[in-house]
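**Student:** Have a look; sequence and predicted model below, questions after that.
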Amino acid sequence: MEPHGSGSVFFGCELTASTKSYTFQVDKEDDSDHILALSVVCLTDGAKDECNVVEVVGRNHENQEIAVPVANLKLSCQPLLSLDNFKLQPPVTFRLAAGSGPVHLAGWHKIVHREDASFEEDDDLSEEEEELAPIVPAKK
């Protein structure tokens, strides 16, 4: 990925009995917009048949910390959960609230640089203008 371009990079982390949490954060000095889109939460090799509860810890609209369970996985009945690109803004922490894992989280980290966003909007407008050009009858 280019250092000053927009794009997406693959994201993944693993929660285990010894590493119960993982925090995804970006540099506060970064002027880009960041979105983390979670695709899948799944038990991986070595998981026991126990409930593994994964929580997302973030901030609500009043800037208070809030923990929300997003997955309850069990090897014998639900070893995998599709989250359909569940979008989160960093910083966000993933925590194994119950169970010993290992639980793997996978998704995409989308980065949009603000200068690029305005440039892309200009491009979109010019493309729309081209598409909406009036139809001129052919000359006879």
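**Tutor:** Done, it's in. Residues are numbered from 1 along each chain as shown.
**Student:** check contacts around T44.
**Tutor:** E14, G101, P102, V103, H104 (CB atoms under 8 Å, 6 or more residues apart in numbering). C-betas here are computed from N, CA, C, even on glycine.
**Student:** Relative to V41, how far out is the last one?
**Tutor:** For H104, the distance to V41 equals 7 Å [CB to CB, to the nearest Å].
**Student:** who has more neighbours, these two?
**Tutor:** The residue with more neighbours, out of H104 and V41, is V41; 24 against 18, by other CB atoms under 10 Å.
**Student:** Report the secondary structure state of that one.
**Tutor:** In the three-state summary, V41 is assigned as strand, counting by DSSP: H, G, I helix; E, B strand; the rest coil.
**Student:** nearest residue to L43 other than its sequence neighbours?
**Tutor:** In space, and not counting its chain neighbours, L43 is closest to P79: 4.6 Å by CB to CB, 6 or more residues apart in numbering.
**Student:** tell me which residues in the one helix or strand V54 maps to are buried?
**Tutor:** V54 is part of strand 52-59 when elements are defined by DSSP states H and E. For strand 52-59, burial by neighbour count (16 or more other CB atoms under 10 Å) applies to N52, V53, V54, E55, V56, V57, G58.
**Student:** the inter-axis angle of the helix or strand following it versus strand 52-59?
**Tutor:** Heading C-terminal from strand 52-59, the first helix or strand you meet, by DSSP H and E, is strand 65-73. Orientation of strand 65-73 against strand 52-59 (axes from the mean of the first three to the mean of the last three CA atoms, to 10 degrees) gives an angle of 160 degrees.
**Student:** what's strand 65-73 in contact with?
**Tutor:** 38, 41-43, 51-60, 78-81, 83, 86, 95, 97, 99, 103.
**Student:** circling back: just checking: the least confident one among the contacts of T44 is which?
**Tutor:** Lowest pLDDT within those is found at G101 (94).
**Student:** Nothing else from me, thank you.
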